[in-house]
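Engineer: Coordinates for the following, if possible.
(one chain, ligands or ions: 1)
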Amino acid sequence: MNFIRNSTAKLSSRFLDPRNTLFLGSRHSSNPSCYEHEFFCKGKAFLLNSNKNSQFHAYPSRFLGFQRPIKNAQKSNCVPSSVFAQHRAISMPYGLFVDDTVASNVRYLSTSVETNRNDSTFERIHIQNSISVKPKNLAGEETPLDEDRNKVKNTVKGLEEGKGGVSIDSDIEKEGWNLLRDAVVKYCGYPIGTVAANDPCDKMPLNYDQVFIRDFVPSALAFLLKGEGEIVKNFLLHTLQLQSWEKTVDCYSPGQGLMPASFKVRSVPIDDNKFEEVLDPDFGEAAIGRVAPVDSGLWWIILLRAYGKITGDYSLQERVDVQTGMKLILNLCLADGFDMFPSLLVTDGSCMIDRRMGIHGHPLEIQALFYAALRSSREILTSEGSNNLVRAINNRLNALSFHIREYYWVDMKKINEIYRYKTEEYSMDATNKFNIYPEQIPSWLMDWIPEKGGYLIGNLQPAHMDFRFFTLGNLWSIVSSLGTPRQNEAILNLIEYKWNDIVGHMPLKICYPAVENEEWRIITGCDPKNTPWSYHNGGSWPTLLWQFTLACVKMGRLELAQKAIALAEKRLSRDHWPEYYDTRSGKFIGKQSRLYQTWTIAGFLTSKMMVKNPEMASLLFWEEDLDLLEICVCALSKSGRVRCSRGAAKSQILV
Ligand code: GLC
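Structural biologist: Residues are numbered from 1 along each chain as shown. Alright, predicted model coming up:
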């Protein structure tokens with residue numbers, strides 16, 4: 001049996017030891033549901049207690065959250081089903097085999113490498129202003145410094161010289177920090193996330209009073225860059241707990257590794273007029289349109305890596321429960337299906353654009369996050385027993401990057417090629433592999449595409465290219481190096497040339513252009529929130545600023561980021577930090593936009609911090625992986641397309 005089973009068994013017996021139980025059970029908390037939290041936050045081992053009201057009060061909302069009646073005594077005791085579950089073996093791909101009872105218990109019990117980290121870790125990092133701890137790869141070697149680190153250092157030096165090395169928060173930043181701290185959600189007295197929006201005048205918050213996984217990422221980065229890691233650690237561990245939730249949409253249960261879109265802390269009455277706090281997740285079963293939050297798990301992995309990189313506390317990602325949770329997400333993403341492409345096949349609304357916008361299939365945003373999550377996992381996975389999984393990740397990484405670089409890329413030359421495509425080619429070496437009819441090239445694109453610059457299209461399916469420019473996917477292709485260095489540069493060039501269209505009065509458009517008229521009817525299903533140039537349909541989302549800034553830092557284009565930040569700074573506070581802006585140039589606050597939207601605030605603060613400290617920001621992106629390229633080029637060479645060597649990799653793929 002693999003290392004997971006061995007180590008979990010070890011852990012279980014350690015914690016199930018009655019001596020430990022007695023000793024540990026003597027601890028008391030005013031709120032039983034806080035027991036588990038203390039376990040996480042303080043790194044103290046105690047959880048399993050002979051008192052039935054202790055550990056098991058942690059998750060009564062497993063029933064409340066789904067408005068299901070409490071069916072039996074087991075449930076009325078609020079015992080997590082994982083604890084009572086019959087032993088059922090979960091088979092995982094790549095030779096892993098985990099007993100789910102053991103695995104679930106490990107979630108509650110693991111302290112494998114839990115440390116009692118104190119804030120000196122942060123001080124150390126911030127005082128030195130350098131990467132003090134480097135991650136190890138699977139061979140246990142330190143990962144080499146990014147090739148371009150010097151470029152970043154030079155930029156830092158330049159900036160520091162320019163402003164005398166002193167960074168003072170502006171009044172707007174101070175306001176932002178106050179608002180961000182007000183948005184913090186506590187569970188049993190500990191910070192675990194931030195609400196999506198915190199407008200005191202909003203009488204109909206819908207689910208904006210919840211902690212969204214994707215929305216929390218910029219908040220997390222703001223806190224991490226500020227040296228406050230506790231909230232991020234708590235968030236990662238509590239959402240991990242929610243992953244193993246029993247979840248159903250009507251009679252169907254989605255995959256085990258699914259992460260919720262959002263969660264809420266609820267106060268639930270128990271006996272004697274007492275209340276306890278419970279976490280209530282939404283996996284899409286209550287969300288408008290019942291959309292599947294495919295991006296949540298990907299963001300979770302990306303954030304887990306960022307936490308390690310910025311705090312230097314790698315013990316979190318090494319924990320057995322964290323490793324198991326990550327493997328469950330990977331398991332879902334890498335599972336075999338009917339797919340012909342290495343890209344992830346998803347339904348409409350499975351990411352930031354979480355309602356019908358015609359992005360079902362293989363949307364770029366999901367592919368770019370998938371790529372970043374795979375690259376993160378490769379760094380995070382502990383070596384023991386993970387070889388097959390790492391091999392699967394490597395295979396997928398190089399197939400995915402080839403697929404996106406080759407088939408999603410458009411610039412003037414490529415559009416001209418498509419314009420002259422022959423169709424109905426039946427053969428292995430067809431040029432027009434996806435049978436794209438040239439008439440599909442929209443007329444706006446013929447005029448719009450600049451002579452220099454290019455971008456990755458929104459989606460690719462048989463006989464279908466979605467030529468819309470989607471900002472998040474393009475930015476994450478730069479950040480994760482899904483695109484080639486030249487493509488990444490060309491994307492930023494395109495944004496620069498098309499500044500009025502993509503930035504306008506407020507950075508940045510979620511996509512360009514909007515779908516209008518009959519197309520709007522068909523594609524959105526007549527969605528009144530997604531009318532042309534509003535919300536997801538060509539609205540401007542200030543939260544995209546931090547990802548733009550990160551991409552600019554990576555590509556050495558800080559001046560572009562600063563220009564965008566200056567625009568945002570002029571309006572965000574004055575406009576009460578809206579969720580999105582409307583109109584072709586992003587001139588007006590969005591029709592149904594929430595105010596005091598947390599990821600708008602956090603995105604702005606994070607951008608500011610990244611510009612002030614690009615070296616720290618550089619921990620959050622990836623450089624080109626030439627080994628991956630080589631594998632890809634060698635695979636192609638077998639089909640007679642190119643020579644096989646590292647040199648060939650550079651010259652053939654880096655076009
Ligand atoms: C909207 C956005 C989604 C976000 C949520 C909470 O539904 O489309 O991306 O997570 O609001 O802010």
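Engineer: After the helix or strand where residue 177 lies, which helix or strand is next?
Structural biologist: For residue 177, the host element (DSSP states H and E) is helix 171-182. Secondary structure here is assigned by DSSP H and E; on that basis, the next helix or strand after helix 171-182 toward the C-terminus is strand 184-187.
Engineer: Need the contact partners of that following strand.
Structural biologist: Defining contact as Cβ atoms under 8 Å, 6 or more residues apart in numbering, one finds that strand 184-187 is touched by 37, 191-195, 211, 231, 234, 238, 265, 277, 279. C-beta here means a position set from N, CA and C on the backbone, and glycine is covered the same way.
Engineer: just so I have it, where are all the helices in the stretch 101-250 of the chain?
Structural biologist: Under the criterion DSSP state H, counting those that start in this stretch, the stretch 101-250 of the chain carries helices at the ranges 120-128, 149-162, 171-182, 213-226, 230-243.
Engineer: between the last one and helix 213-226, how many degrees?
Structural biologist: Here helix 230-243 points in a direction 150 degrees away from that of helix 213-226 (axes from the mean of the first three to the mean of the last three Cα atoms, to 10 degrees).
Engineer: Restricting to C-alpha, output the helix or strand following helix 230-243 in PDB.
Structural biologist: On the C-terminal side of helix 230-243, the closest following helix or strand by DSSP H and E is strand 262-270. Coordinates of each C-alpha in strand 262-270 appear next as PDB, following Å, rounded to 0.1, in the frame of the first residue of the first chain:
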ATOM      1  CA  SER A 262     -18.500  29.700  -2.000                       C
ATOM      2  CA  PHE A 263     -19.300  29.100   1.600                       C
ATOM      3  CA  LYS A 264     -21.000  30.900   4.400                       C
ATOM      4  CA  VAL A 265     -20.500  30.900   8.200                       C
ATOM      5  CA  ARG A 266     -24.000  30.200   9.800                       C
ATOM      6  CA  SER A 267     -25.000  30.400  13.300                       C
ATOM      7  CA  VAL A 268     -27.100  27.300  14.200                       C
ATOM      8  CA  PRO A 269     -29.100  26.900  17.400                       C
ATOM      9  CA  ILE A 270     -28.200  24.000  19.700                       C
END
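Engineer: Which positions within strand 262-270 qualify as buried?
Structural biologist: If you call a residue buried by 16 or more other Cβ atoms under 10 Å, then strand 262-270 has these buried ones: 262, 263, 264, 265, 268.
Engineer: Now do that strand and helix 230-243, the angle between them.
Structural biologist: Using the same axes, to 10 degrees, the direction of strand 262-270 lies 80 degrees away from that of helix 230-243.
Engineer: got the contact list for the residue lying closest to residue 442 once chain neighbours are set aside?
Structural biologist: Using Cβ to Cβ, 6 or more residues apart in numbering and skipping residues adjacent in sequence, the residue nearest residue 442 is residue 467, 5.6 Å away. Residue 467 makes contact with 410, 440, 441, 442, 445, 457, 458, according to Cβ under 8 Å, 6+ apart.
Engineer: go with 6 Å
Structural biologist: Applying Cβ atoms under 6 Å, 6 or more residues apart in numbering, we find residue 467 in contact with 442, 445, 457.
Engineer: so what's the backbone phi/psi at it?
Structural biologist: Backbone torsions of residue 467, given as degrees, to the nearest 10, read phi -80, psi 0.
Engineer: Can you tell me how far it is from residue 414?
Structural biologist: Using Cβ to Cβ, to the nearest Å, one gets 11 Å for the distance from residue 467 to residue 414.
Engineer: same thing with residue 259?
Structural biologist: Taken as Cβ to Cβ, the span from residue 259 to residue 414 is 36 Å.
Engineer: who wins for most neighbours among the contacts of residue 467?
Structural biologist: When neighbours are counted by other Cβ atoms under 10 Å, residue 457 leads these with 22 neighbours.
Engineer: returning to what we had before: which of residue 259 and residue 414 has more residues huddled nearby?
Structural biologist: Shown here are residue 259 and residue 414; by other Cβ under 10 Å, residue 259 has more neighbours (26 against 14).
Engineer: so what's that one up against?
Structural biologist: In this structure, residue 259 makes contact with 213, 243, 296, 297, 300, judged by Cβ under 6 Å, 6+ apart.
Engineer: Which pair of those spans the longest distance?
Structural biologist: Farthest-apart pair in those is 213 and 243; separation 10.6 Å (Cβ to Cβ).
Engineer: Leaving aside the residues adjacent along the chain, what's closest to the residue of the stretch 151-300 of the chain found nearest the ligand?
Structural biologist: Scanning the stretch 151-300 of the chain for proximity to the ligand using Cβ to the nearest ligand atom identifies residue 196 as nearest, at 3.8 Å. The shortest distance from residue 196 to any residue other than its chain neighbours is 4.4 Å, reached at residue 208 (Cβ to Cβ, 6+ apart).
Engineer: mind listing what the one you found touches?
Structural biologist: Shown here is residue 208, whose contacts under the criterion Cβ under 6 Å, 6+ apart are 196, 197, 594.
Engineer: Residue 597 is in contact with the second one, correct?
Structural biologist: Put plainly, it is residue 197. Yes - using Cβ atoms under 6 Å, residue 197 is in contact with residue 597, at 4.8 Å.
Engineer: Contact partners for residue 436?
Structural biologist: For residue 436, the set of contacting residues under the criterion of Cβ under 6 Å, 6+ apart consists of residue 465.
Engineer: for residue 329, same thing?
Structural biologist: Under the criterion of Cβ under 6 Å, 6+ apart, the contact partners of residue 329 comprise 257, 297.
Engineer: And it, how far from residue 217?
Structural biologist: From residue 329 over to residue 217 (counting by Cβ to Cβ), the distance is 15 Å.
Engineer: repeat for residue 581
Structural biologist: Summarising the geometry, the distance separating residue 581 from residue 217, computed by Cβ to Cβ, is 21 Å.
Engineer: Now residue 172: closest residue in space, sequence neighbours ignored.
Structural biologist: The shortest distance from residue 172 to any residue that is not its chain neighbour, by Cβ to Cβ, 6+ apart, is 4.8 Å, and that residue is residue 573.
Engineer: Next: residue 500.
Structural biologist: Sequence neighbours aside, residue 585 is the residue nearest to residue 500 in space, at 6.6 Å (criterion: Cβ to Cβ, 6+ apart).
Engineer: what's the neighbour count on residue 394?
Structural biologist: 16.
Engineer: so it sits in a helix?
Structural biologist: Yes - the assignment for residue 394 (DSSP: H, G, I helix; E, B strand; the rest coil) places it in a helix.
Engineer: give the contact list for it.
Structural biologist: For residue 394, no contacting residues are found, by Cβ under 6 Å, 6+ apart.
Engineer: One more pass at 7 Å, please.
Structural biologist: Taking Cβ atoms under 7 Å, 6 or more residues apart in numbering as the criterion, residue 394 is in contact with residue 628.
Engineer: How much space separates it from the ligand?
Structural biologist: Summarising the geometry, the distance separating residue 394 from the ligand, computed by Cβ to the nearest ligand atom, to the nearest Å, is 31 Å.
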